[in-house]
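>>> can you look at this prediction? I've put the sequence above it.
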Amino acid sequence: MKVYGETVFDIGYLLIAFIIGLYMLAKSEGKLGKLMGIATLILGCGDAFHLVPRILNYFVDGDFSAALGIGKLVTSASMTIFYIFMFYIYRNNYKVNNTQKLECTIWTLTIIRIILCLLPQNNWITNNGSVTIGIIRNIPFLLMGLVIIILYFRERKNDKVFQNMWLYVLLSFLFYIPVVAGASALPALGMLMLPKTVCYILIIMAFYRKMKNENIMSKK
């Protein structure tokens with residue numbers, strides 16, 4: 001029963017990400033709406049590479065180790081890119097200027113993260129990487145998340161729709177960290193990925209409400 005519940009949840013999440021992402025891209029006429037639409041699709045597409053093999057693994061006989069491992073690699077990269085978009089959404093939404101240092105920091109952490117993800121020690125193909133390399137490759141990712149949390153927290157009183165965005169990001173990382181650090185020893189920790197995904201859904205819905213509230217939809 002748990003497998004069916006998780007499967008329905010994962011499929012529902014992917015449908016929400018794809019449908020709302022495409023809708024925002026199609027209906028938004030401003031840069032902010034486009035950024036939110038692309039970010040949502042990156043989130044959904046990246047997670048699909050991991051979730052689809054995971055779902056198939058439950059119901060189809062076969063070895064999905066390689067697909068799951070590669071899926072984790074793609075998800076790791078896509079989540080990194082998603083937070084780049086979170087930065088540009090922040091900058092566009094709050095009309096913030098002189099962010100060159102912040103931008104440089106975000107991109108530097110992104111490059112370091114991607115390089116660490118591509119190291120052979122990750123053993124993506126066998127889906128059997130060490131806990132140590134998993135923690136190391138997530139350090140720049142966590143720093144990116146910290147930057148985003150601080151930025152949105154500072155502006156929380158200036159935007160009713162995004163006032164809880166910092167909290168959604170913070171909670172997503174709080175659910176994610178135990179999985180990275182301890183899921184190999186205690187597989188039950190993997191269930192924390194479900195509330196982490198709920199945080200992503202809340203972020204997507206905030207994007208959608210923003211588009212509606214700001215009236216940045218195309219009139220066509």
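Nice, thanks for sending it over. Numbering: from 1, shown residues only.
>>> just the CA trace of the helix or strand hosting residue 108, in PDB.
Taking DSSP states H and E as the definition, residue 108 sits inside helix 100-118. C-alpha atoms of helix 100-118 as PDB (Å, rounded to 0.1, in the frame of the first residue of the first chain):
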ATOM      1  CA  GLN A 100      27.200  41.300  -9.100                       C
ATOM      2  CA  LYS A 101      28.900  39.800  -6.000                       C
ATOM      3  CA  LEU A 102      25.900  37.600  -5.200                       C
ATOM      4  CA  GLU A 103      25.600  36.500  -8.800                       C
ATOM      5  CA  CYS A 104      29.300  35.600  -8.800                       C
ATOM      6  CA  THR A 105      28.800  33.600  -5.600                       C
ATOM      7  CA  ILE A 106      25.900  31.700  -6.900                       C
ATOM      8  CA  TRP A 107      27.600  30.800 -10.200                       C
ATOM      9  CA  THR A 108      30.900  29.800  -8.400                       C
ATOM     10  CA  LEU A 109      29.000  27.500  -6.100                       C
ATOM     11  CA  THR A 110      27.100  26.100  -9.100                       C
ATOM     12  CA  ILE A 111      30.300  25.300 -11.000                       C
ATOM     13  CA  ILE A 112      31.900  23.700  -7.900                       C
ATOM     14  CA  ARG A 113      28.700  21.600  -7.300                       C
ATOM     15  CA  ILE A 114      28.500  20.400 -10.900                       C
ATOM     16  CA  ILE A 115      32.200  19.500 -11.000                       C
ATOM     17  CA  LEU A 116      31.800  17.500  -7.700                       C
ATOM     18  CA  CYS A 117      28.800  15.700  -9.200                       C
ATOM     19  CA  LEU A 118      30.800  14.600 -12.200                       C
END
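>>> low-confidence ranges in the protein?
1, 214-220 (pLDDT under 70).
>>> distance of residue 12 from residue 69?
Per CB to CB, to the nearest Å, residue 12 is found 25 Å from residue 69. (C-beta placed from N, C-alpha, C; glycine too.)
>>> tally of neighbours for residue 188?
8 (other CB atoms under 10 Å).
>>> looking at residue 12 and residue 69, which is more packed in?
Applying other CB under 10 Å to residue 12 and residue 69 shows that residue 69 carries more neighbours, namely 20 against 12.
>>> wasn't the more buried one part of a helix?
Yes: according to DSSP: H, G, I helix; E, B strand; the rest coil, residue 69 belongs to a helix.
>>> got a list of what the residue nearest in space to the middle of the chain touches?
Nearest to the mean C-alpha position of the chain, by CA atoms, centre = their mean, lies residue 79 at 4.2 Å. Counting by CB atoms under 8 Å, 6 or more residues apart in numbering, residue 79 touches 43, 46, 141.
>>> cool, and residue 206?
161, 162, 164, 165, 168.
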